[in-house]
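Chemist: model the structure of this input:
(2 chains)
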Amino acid sequence: MGKSIKNIFTQGAISPAFIAESIAKHSAKTGIGAHSIFLGQVRADDVDGKTVAAIEYTSYQEMALEKMHKIREEIFNKYELTCMHIHHSLGSVLAGEICLFVFTSSKHRKAATEACNEVVERIKAELPVWGKELFEDATHQWKVNN
Amino acid sequence: MKVRVIAFGQIAEITGGELFIEAQDTVVLKAALQVEFPTLADKKYAIAVNNKLVTEVTALTENDVVALMPPYSGG
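Modeler: This next block holds a predicted model:
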């Protein structure tokens, strides 16, 4: 039986305190020997003399959460993970703030690091989420993932 | 068939929030959208019907939700 669909979205930036707390919560799970963490940070890109001040994220939430659920199940089938936590920002996130937090844990390091990398790549390629890069002069352009 | 059309990202800037359009399949729908919004012609977007991506001609039924989605740029 599949697990229920989890919400991965958070309004605004993901705070370093929240990330620290998430790590601390795992001290009770003593079967874990390795954590892998990916943090996406909004970059103040320079485009034709203008600087990105923030990214405003929107999503087709229903579809994104269904897709994330599927990715989660596939990752758990592929790797020997103890647990996995994913948080993605919606709304406005300032340059320098955290917009994506992927956290995988396993008995040995290889599963955690490989799963973490794969999840990040799949989030960027497969989740219906869009980033609007807001410049300091209030103009904008749509983010493009490489 | 009247379907509900929603759009995201750059495509939403062209079509606005939500539309109701008569179309029996996704090809007819795309053509109707292009007549109403000529600038859509040179935009890249995928289509999802009731939360599922479709790449081939897909028949539509009353009250289907059709999403117009430009390339993803999350993370």
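Chemist: does the lengthiest helix in chain B pack against any helices or strands, and if so which?
Modeler: Across chain B, the longest stretch assigned as helix under DSSP state H is helix B:26-36. Helix B:26-36 sits against strand B:2-7, strand B:18-22, strand B:46-49, strand B:65-69, with contacts defined as 3 or more C-beta pairs under 8 Å, 6 or more residues apart in numbering or on different chains; DSSP states H and E. To be clear about C-beta, it is placed using only N, CA and C from the backbone, and glycine gets the same treatment.
Chemist: helix or strand right after the shortest one?
Modeler: If you walk from strand B:46-49 toward the C-terminus, the next helix or strand you reach (DSSP states H and E) is strand B:52-54.
Chemist: quick one: strands adjacent to that next one?
Modeler: Counting by DSSP bridges, the strands paired with strand B:52-54 are strand B:46-49 (antiparallel).
Chemist: which residue is the nearest non-sequential neighbour of the residue of chain A found nearest chain B?
Modeler: Taking C-beta to the nearest C-beta, chain B has its nearest neighbour within chain A at A:Val129, 2.8 Å off. Nearest residue to A:Val129 in three dimensions, chain neighbours excluded: B:Gly74, at 2.8 Å (C-beta to C-beta, 6 or more residues apart in numbering or on different chains).
Chemist: residue contacts, that neighbour?
Modeler: B:Gly74 sits next to A:57, A:59, A:88, A:100, A:123-124, A:127-131, A:145 when contact means C-beta atoms under 8 Å, 6 or more residues apart in numbering or on different chains.
Chemist: secondary structure class for it?
Modeler: Three-state assignment for B:Gly74 (DSSP: H, G, I helix; E, B strand; the rest coil): coil.
Chemist: nearest spatial neighbour of residue 71, skipping sequence neighbours?
Modeler: Using chain A. A:Arg122 (5.1 Å).
Chemist: chain B was what I was after
Modeler: Closest residue in space to B:Pro71, ignoring its immediate chain neighbours: B:Lys44 at 6.2 Å, by C-beta to C-beta, 6+ apart.
Chemist: burial of that neighbour, as a residue count?
Modeler: Residues near B:Lys44, counting by other C-beta atoms under 10 Å in any protein chain shown, number 9.
Chemist: ok, it touching B:Tyr72?
Modeler: No: taking C-beta atoms under 8 Å as the definition, B:Lys44 is not a contact partner of B:Tyr72, at 11.4 Å.
Chemist: pull up the overlap in contacts between the two.
Modeler: Counting by C-beta under 8 Å, 6+ apart, nothing touches both B:Lys44 and B:Tyr72.
Chemist: packing partners for the helix or strand hosting A:Thr82?
Modeler: Counting by DSSP H and E, the element that carries A:Thr82 is strand A:81-94. Judged by 3+ C-beta pairs under 8 Å, 6+ apart, the packing partners of strand A:81-94 are strand A:9-11, strand A:50-59, helix A:61-78, strand A:98-106, helix A:109-126.
Chemist: out of the ones you listed, indicate the one that is most buried.
Modeler: strand A:98-106 (a mean of 23; mean count of other C-beta atoms under 10 Å in any protein chain shown).
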